[in-house]
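Chemist: below are the sequence and a predicted model for it; my questions follow.
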Amino acid sequence: MDTLYSVKETAEKLGLSEKTVLANIKNGKIPGRKVGGRYFAEKQWVDDLAEKAPVEPKDTKSTQEQKQRQHEVDLIEYETKKIAAETSKIQAEILLAEAKRERDRPERLIEREEAVRQRENELNQRELSIIQKETASKERLDNNQRIEIELRGRIQEVNDECEEIKQEADDYIHELEVKLVELDNEIKQRQYLLSSLEVKVEEEVQVNNSKVFECQENCQLWINHTLKHASRYARLGEKGNGASADRYITLANSLWVSYESFQSIMKWLSQEVEQPSMSVEDVEKEYEKQSNPIITKVNKLTGRRNGSEGFR
């Protein structure tokens, strides 16, 4: 590499852009070669050209561009003249050198030199590949370390959130347990009150039913009494004749009407026992309201005084 200049060094020596230098090396205008994927210029040729056309100090951008273009023109003219003048000399030297190499060096040495060059290129490429892999591995390692740090931070945040949620859950469960105990006590109290109320209601129902039963018993007595006299008057009407028979039949029919009225009252009392629709006091008042006129009528038809024979 001591006999070569890089593209950047060549551009600095000649005052050209790297792009121009690289293009001239590729098309052969600047002597050079490709080593390990990179282009290099012949050091001696570049130094000779730099001495003949030295690079002036940097000026403004426009002036520098003009000078660069002028350098390129001079370079082309110089190369044209040099190539024209030295073409025959170079060709002769090349032929002479080739003949000399063919004469002085054995074929095996040439092949070995070519193999060494190929091996050098392979090593350069492998070195470049290793450098690229090391760079990529370092980037992946840095990326993995960054991801690991982020993950650890996120895990810590999640753990803190879990602790907060756990504490809130414990507090909420404690509150629920306290409320559950309070509700259980309240339920027990209400169950006790409900049991007491049920007992009280049962007692009231029994008392109410007993009073309604008394009305039913009283009504049944009047039913029996009415039925007894209606049957007796009917028999007397059948046995008698004339006005006397008609009178008994009329009394019997009137008592049958009263009997049906007592039956209606008894049906109403049975419904009140099964499905009460009014208070006991109202039942008693309604019973007296419905039964008193019928009782008066029956007493009148049977010649019985109110309050006799042990019932109303």
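Modeler: Nice, thanks for sending it over. Computed from a prediction, not measured in an experiment: that's the story for all the values here.

Chemist: which residues of this structure fall in helices?
Modeler: 7-14, 18-27, 43-52, 61-104, 107-239, 243-274, 280-302 (DSSP state H).

Chemist: low-confidence stretches in the stretch 101-250 of the chain?
Modeler: Applying pLDDT under 70 to the stretch 101-250 of the chain flags residues 101-110, 201-208.

Chemist: go again with 90.
Modeler: Along the stretch 101-250 of the chain, segments meeting pLDDT under 90 span 101-146, 148-154, 157-164, 166-172, 174-177, 179-180, 182-186, 188-223, 225-250.

Chemist: domain ranges for this protein?
Modeler: 1-102, 205-302 (automatic domain parsing).

Chemist: apart from its neighbours in sequence, what residue is nearest residue 225?
Modeler: Sequence neighbours aside, residue 298 is the residue nearest to residue 225 in space, at 6.9 Å (criterion: CB to CB, 6 or more residues apart in numbering). Quick note: C-beta positions are derived from backbone N, CA and C, even for glycine.

Chemist: surely the one you found is in contact with residue 224?
Modeler: No. Look at residue 298 against residue 224 with CB atoms under 8 Å: they stay out of range, at 11.4 Å.

Chemist: neighbour count: the two, which is higher?
Modeler: Ranked by neighbour count (other CB atoms under 10 Å), residue 298 and residue 224 place residue 298 first, with 22 against 13.

Chemist: who touches that one in this structure?
Modeler: Residues in contact with residue 298, defined by CB atoms under 8 Å, 6 or more residues apart in numbering, are 222, 225, 226, 229, 255, 258, 304.

Chemist: now do the fifth one against residue 8, distance only.
Modeler: Between residue 255 and residue 8 the distance is 145 Å, computed by CB to CB, to the nearest Å.

Chemist: counting neighbours, go ahead and name the busier of those two.
Modeler: For residue 255 versus residue 8, neighbours defined as other CB under 10 Å are more numerous around residue 255 (24 against 11).

Chemist: grab the nearest non-local neighbour of the more buried one.
Modeler: residue 230 is the one closest to residue 255 (CB to CB, 6+ apart), at 3.6 Å.

Chemist: what's the answer for residue 50, then?
Modeler: residue 13 (4.7 Å).

Chemist: model confidence for the one you found, exactly?
Modeler: pLDDT for residue 13: 87.

Chemist: isn't it up against residue 46?
Modeler: Yes. The pair residue 13 and residue 46 passes the contact test of CB under 8 Å, sitting 5.3 Å apart.

Chemist: between these two, which contacts overlap?
Modeler: With CB under 8 Å, 6+ apart as the test, residue 13 and residue 46 both reach residue 5.

Chemist: worst mean pLDDT among the domains of the chain?
Modeler: Across the domains of the chain, domain 1-102 gives the lowest mean pLDDT, at a mean of 76.

Chemist: list phi and psi for residue 28.
Modeler: phi 90, psi 0 (degrees, to the nearest 10).

Chemist: how about stretch 248-258 as CSV, C-alpha atoms only?
Modeler: Provided in CSV are the C-alpha atoms of stretch 248-258 (Å, rounded to 0.1, in the frame of the first residue of the first chain):
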residue,chain,number,x,y,z
TYR,A,248,-149.2,-22.1,55.9
ILE,A,249,-147.9,-22.3,52.3
THR,A,250,-147.4,-18.5,52.2
LEU,A,251,-145.5,-18.6,55.5
ALA,A,252,-143.4,-21.6,54.2
ASN,A,253,-142.5,-19.7,51.0
SER,A,254,-141.5,-16.6,52.9
LEU,A,255,-139.3,-18.7,55.2
TRP,A,256,-137.7,-20.3,52.1
VAL,A,257,-136.7,-16.9,50.8
SER,A,258,-135.2,-16.1,54.2
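
Chemist: quick one on the thing from earlier: export the domains of the chain to a markdown table and tack on distance to residue 156?
Modeler: Converted to a markdown table, the domains of the chain look like this (distance: least, CB to CB, whole Å):
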| stretch | distance to residue 156 |
| --- | --- |
| domain 1-102 | 48 |
| domain 205-302 | 70 |
